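# Structure for the following, please:
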Amino acid sequence: MLHVGFGKVILLGEHAVVHGHPALAGAIDRGVRLRARAGDALRLRIPAWDIDVAAGDDHPVARALAAVAAALGVDAPVVLEGDADLPPAAGLGSSAAVSVAVTRALAAHTGRRLAPDELLAVADASERCFHGNPSGIDVAFAARGGLGLYRRGAGIEPIAAAPVPIAIGLSGQARATAAMVERVADALAAAPAVTAGRLDRLGDAARRGAALLAAAPADLAALGALFGGAHAILRDLGLSTPVLDEMVDDALAAGAAGAKLTGGGGGGAVIALAPGREAEVVESWRRRGKVAFACRVGVTPIDPAA
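Below you'll find the predicted structure:
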């Protein structure tokens, strides 16, 4: 049996979520899928990412594997192997996806069925091996899927909505999320009223976006307009780059209703809402030499407790 951890995208509200506002996010139909079998060591193999590590190796993935095993009390030699169609290190929640998939696979191999809260707690311990003090948003969506408003400390407020097609393009620029978070903190200290106002507007856009998705049918044109406004605010906060701005312009020229950077900024990825025009947007980015693909955001596991 394959055990899944989803990737994720933040649709609206990145950086504002660090300062107490909600973020609108969802799981995408790309991620990590693992199966477990008896072996001669506790090992994880994901060929698509060139990962082949054993617990005890000096590697962040090996430390994450060991953290899950320790949390579950697993000391038997188990080999976890599978595949991934989620780009690593692109701001799409790859480390959380592998943490959740490892947790599910190891628990199932030892005959345990984890409650949702247990799954999140164990996977979060693994995620800390990658990010130190993560907000929890990546693990939450990697495990439970779907769409929702996420607020740090409160978790996900689910949105009952059908998955939404989007296009994702990778800038190819190295991300520096911690540096971007620090940049916003510095802006708050230097110009508290202006910066707080910008963060307020990002949080409000997340709430408005959630309402648009919850409507029947979802108002994707209005959601696209929110994307454009949010990108402008993120750019004013110094979080975009010329390459990200060019990719946003490419998407709009190809017919997108809206496009924006997603995640920490300073690199990473751009998302575009382009109902019926996803292929054109993807092609516009590929002509620029970027890795790009269409997917759906808001997917859910067949069995959330698996």
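
# mind checking how far V78 is from A279?
Per CB to CB, to the nearest Å, V78 is found 41 Å from A279. C-beta coordinates here come from the backbone N, C-alpha and C atoms, glycine included.

# ditto for F130
Taken as CB to CB, the span from F130 to A279 is 33 Å.

# Settle it for me: which of those two has more neighbours?
F130 (18 against 12; other CB atoms under 10 Å).

# Show residues contacting the helix or strand of the chain at the bottom of the mean pLDDT ranking.
Lowest on mean pLDDT, DSSP states H and E among the helices and strands of the chain sits helix 116-131, with a mean of 84. Defining contact as CB atoms under 8 Å, 6 or more residues apart in numbering, one finds that helix 116-131 is touched by 5, 60, 63-65, 67-68, 71-72, 95-96, 99-100, 102-104, 107, 114, 134, 136, 138-140, 142-144, 304-305.

# Going through those, which ones are buried?
Among the contacts of helix 116-131, the ones that count as buried by 16 or more other CB atoms under 10 Å are 5, 63-65, 67-68, 71-72, 95-96, 99-100, 102-104, 107, 114, 134, 136, 138-140, 142-144.

# Restricting to C-alpha, output the least confident helix or strand of the chain in PDB.
What follows is helix 116-131 as a C-alpha-only set of coordinates in PDB (Å, rounded to 0.1, in the frame of the first residue of the first chain):
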ATOM      1  CA  PRO A 116      -5.200  12.800  12.900                       C
ATOM      2  CA  ASP A 117      -3.700  14.700  15.800                       C
ATOM      3  CA  GLU A 118      -1.100  12.000  16.400                       C
ATOM      4  CA  LEU A 119      -0.100  12.000  12.700                       C
ATOM      5  CA  LEU A 120       0.300  15.800  12.800                       C
ATOM      6  CA  ALA A 121       2.400  15.700  16.000                       C
ATOM      7  CA  VAL A 122       4.800  13.000  14.700                       C
ATOM      8  CA  ALA A 123       5.200  14.600  11.300                       C
ATOM      9  CA  ASP A 124       5.800  18.000  12.800                       C
ATOM     10  CA  ALA A 125       8.700  16.500  14.800                       C
ATOM     11  CA  SER A 126      10.100  15.300  11.500                       C
ATOM     12  CA  GLU A 127       9.500  18.700   9.800                       C
ATOM     13  CA  ARG A 128      11.500  20.400  12.600                       C
ATOM     14  CA  CYS A 129      14.600  18.600  11.300                       C
ATOM     15  CA  PHE A 130      14.200  20.700   8.100                       C
ATOM     16  CA  HIS A 131      12.900  24.100   9.300                       C
END
